[in-house]
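A.B. asks: this one's structure only:
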């Protein structure tokens, strides 16, 4: 296939807007790229491995599909009629073998894109120093190579730290500043990088996709500053009114650094481990070519950090829990973006209506279906601490609507016979959400599940979660089992 794309040919008569596929739409870049593409006049198809991750997004006019680059059979439908595909996939959260999975996924995608006649692939990679050895950085480079081995022209943009809500490196910086007044940090905090504002990166991605000059090229993308990680932390601390003492020490190896990050930040441990290797390098961005091709005003680090905080406050109200949404973090930016999770489920022969009719009676005299004495003890402890633990009751015994209180929970989302989302109201170092879901389980059965999402505030928020974690699986399994039992046998309602 030549380098000509759907954007190069002059239109004859009215033509539909180009169709852009955002592959990896559930990630922090994809989540922000989708509305940006719509604003630039693209038709957009959003693809994610787990469709639940994007179904709650407020994306009018956007087609949503389930697709996984490690499952080649799922790709043709996602790529059909696509003009430009934004490939935003990485597998850091998969653990130790993520590098091999990244390259394998990119190869599958390149083959499927060629067969579908896609005009351009835009790949977001990472800045890579010449002496890079970390799996995280090497896999980014090799994934780009795998995409280029296909027949579709590839534009690769390599970025370092992206300053925006959900960027793992940014969330590490933010968690450290909010969590630790005194930071004994690894030596890599003195390494320098060229952080780029999320808004600047999105502008590069969208505009370069339509330029013939961008086909088949690799571009570095960076901001206007080349600064160290400890400088970024000091700048952010000043911005949010925190005083922090940062003392780099030589004792923290990469392995110990990853373990340390998992203890003091809420960033998932596999992602923290993968990041550490890349954070040990000075990584400048040689971005002259991209600046010339796509001119724009680049935000400095402090401006980018302020824009990230402002962007969170502007998020719309969501009907269900969404990673990082400020409304589920108690409207507090110092509550961790990434949530700790625990869940339980049970399979039932009852109908969705029957399960829902039991679920919506929770609280008040009915309590919480399972281990009622433990709930009462927790409420009493909260009351002794000055919280609302002994405040019980609800507006109506069987009806729920957004804004209702159920004892010390607040209803954030109601989707009858499908999903109920509640916000935690007891005193605790963080923000919690409890979400119930009713889904098909095969064979005419239904699965009732409950998931707790906890956004810790500082180290004590992490300690709080660790202390209660062993009980969560047992408690939630018992809770869902009791809901299923009562739905199947309405005559019995005792836990």
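C.D. replies: Received, thanks. Source: prediction; values computed, not measured.
A.B. asks: for residue 447, helix, strand, or coil?
C.D. replies: Secondary structure, DSSP: H, G, I helix; E, B strand; the rest coil: residue 447 is strand.
A.B. asks: now the nearest residue to it once chain neighbours are set aside: how far from residue 480?
C.D. replies: Leaving out its chain neighbours, the residue that sits closest to residue 447 by Cβ to Cβ, 6 or more residues apart in numbering is residue 441, at 4.0 Å. For every residue, glycine as well, the C-beta is placed using N, CA and C. Remark: distance between residue 441 and residue 480 (Cβ to Cβ, to the nearest Å) = 12 Å.
A.B. asks: more crowded one of these two?
C.D. replies: Of the pair residue 441 and residue 480, residue 480 is the one with more neighbours under other Cβ atoms under 10 Å, namely 25 against 16.
A.B. asks: mind listing what that one touches?
C.D. replies: By Cβ atoms under 8 Å, 6 or more residues apart in numbering, the contact set of residue 480 is 344-346, 448-450.
A.B. asks: where along the stretch 1-150 of the chain do the helices fall?
C.D. replies: 28-39, 52-55, 75-79, 98-116, 135-148 (DSSP state H, counting those that start in this stretch).
A.B. asks: and the fourth one, what does it pack against?
C.D. replies: Same thing as helix 98-116. Packing partners of helix 98-116 (3 or more Cβ pairs under 8 Å, 6 or more residues apart in numbering; DSSP states H and E): helix 75-79, strand 84-87, strand 120-126, helix 135-148.
A.B. asks: from the chain's centroid, how far away is whichever helix in the chain runs longest?
C.D. replies: Determined from DSSP state H, the single longest helix within the chain is helix 458-488. The chain centroid and the centroid of helix 458-488 are separated by 23 Å, computed with Cα atoms, centre = their mean, to the nearest Å.
A.B. asks: picking up where we left off before, the residue nearest to residue 447 contacts residue 349, doesn't it?
C.D. replies: No. Look at residue 441 against residue 349 with Cβ atoms under 8 Å: they stay out of range, at 9.7 Å.
A.B. asks: that older thread, I'd assumed the residue nearest to residue 447 was in a strand, is it?
C.D. replies: Yes. Residue 441 sits within a strand when classified using three-state DSSP.
A.B. asks: so what's residue 451 up against?
C.D. replies: 321, 341-343, 434-435, 437, 476.
A.B. asks: beta partners for it?
C.D. replies: Beta-bridge pairing for residue 451 (DSSP bridges): residue 343, residue 435.
A.B. asks: measure residue 174 to residue 90 for me?
C.D. replies: 20 Å.
A.B. asks: look up the pLDDT of the residue nearest to residue 89 when sequence neighbours are not counted for me, please.
C.D. replies: Among residues not flanking residue 89 along the chain, residue 24 sits closest, at 4.4 Å (Cβ to Cβ, 6+ apart). Here, the pLDDT recorded for residue 24 equals 92.
A.B. asks: equivalent analysis for the one 5 residues further on, please.
C.D. replies: As predicted, residue 29 sits at a pLDDT of 91.
A.B. asks: circling back to that earlier point, right, and the helices and strands packed on helix 98-116 - which one's nearest residue 419?
C.D. replies: helix 75-79 (25.3 Å; Cβ to Cβ).
A.B. asks: which helices and strands sit right next to the closest one?
C.D. replies: Using 3+ Cβ pairs under 8 Å, 6+ apart, helix 75-79 sits against strand 19-23, helix 98-116.
A.B. asks: just send these back as TSV, with distance to residue 223 and mean neighbour count too.
C.D. replies: Converted to TSV, those look like this (distance: least, Cβ to Cβ, whole Å; neighbours: other Cβ atoms under 10 Å):
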stretch	distance to residue 223	mean neighbour count
strand 19-23	23	27
helix 98-116	25	21
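A.B. asks: these: lowest mean pLDDT?
C.D. replies: helix 98-116 has the lowest average pLDDT among the helices and strands packed on helix 75-79, namely a mean of 91.
A.B. asks: got the angle between that one and strand 19-23?
C.D. replies: Relative orientation of helix 98-116 versus strand 19-23 (axes from the mean of the first three to the mean of the last three Cα atoms, to 10 degrees): 160 degrees.
A.B. asks: wait, doesn't residue 85 sit right on residue 123?
C.D. replies: No. Assessed by Cβ under 8 Å, residue 85 is found out of contact with residue 123, at 9.1 Å.
A.B. asks: and the two? which has more neighbours close in?
C.D. replies: Ranked by neighbour count (other Cβ under 10 Å), residue 85 and residue 123 place residue 85 first, with 29 against 26.
A.B. asks: what kind of secondary structure is residue 389 in?
C.D. replies: coil.
A.B. asks: and what of residue 453?
C.D. replies: Looking at residue 453 with three-state DSSP, the answer is strand.
A.B. asks: what about it, neighbour count?
C.D. replies: 22.
A.B. asks: and the pLDDT for residue 443?
C.D. replies: pLDDT at residue 443 comes out at 87.
A.B. asks: what's near enough to touch the spatially closest residue to residue 417 that is not a sequence neighbour?
C.D. replies: Once flanking residues are discounted, residue 417 sits nearest to residue 352: 4.1 Å by Cβ to Cβ, 6+ apart. Neighbour list for residue 352: 417-418, 438, 446 [criterion: Cβ under 8 Å, 6+ apart].
A.B. asks: what's the answer for residue 51, then?
C.D. replies: Contacts of residue 51 by Cβ under 8 Å, 6+ apart are 64-66.
A.B. asks: remind me which residues of the protein are low pLDDT?
C.D. replies: Along the chain, segments meeting pLDDT under 70 span 1-15, 91-98, 132-136, 184-186, 188, 250-259, 269-270, 272-280, 315-320, 491-495.
A.B. asks: buried set for the longest helix of the chain?
C.D. replies: 458-459, 461-462, 464-465, 468, 472, 475-487 (16 or more other Cβ atoms under 10 Å).
A.B. asks: kindly report the same for stretch 388-404.
C.D. replies: For stretch 388-404, by 16+ other Cβ under 10 Å, it's 389, 392, 394, 400, 404.
A.B. asks: tell me which two in the residues you listed are the farthest apart.
C.D. replies: 389 and 400, at 21.0 Å, using Cβ to Cβ across these.
A.B. asks: dump the helices of the stretch 1-150 of the chain into TSV; add distance to residue 305 as well.
C.D. replies: Below are those laid out as TSV (distance: least, Cβ to Cβ, whole Å):
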stretch	distance to residue 305
helix 28-39	15
helix 52-55	26
helix 75-79	35
helix 98-116	28
helix 135-148	23
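A.B. asks: bridge partners for residue 121, pull those for me.
C.D. replies: residue 85, residue 154.
A.B. asks: the stretch 151-300 of the chain: helices as residue ranges?
C.D. replies: Using DSSP H, counting those that start in this stretch, the helices assigned to the stretch 151-300 of the chain run over residues 168-179, 198-208, 229-239, 254-264, 269-279, 288-293.
A.B. asks: closest one to residue 113 among those?
C.D. replies: helix 198-208 (16.9 Å).
A.B. asks: for residue 380, find the nearest of the helices of the stretch 151-300 of the chain.
C.D. replies: From these, taking Cβ to Cβ, the stretch that ends up closest is helix 168-179, at 29.1 Å.
A.B. asks: figure out how far that closest one is from the centre of its chain.
C.D. replies: With Cα atoms, centre = their mean as the basis, the mean position of helix 168-179 lies at 15 Å from the chain mean.
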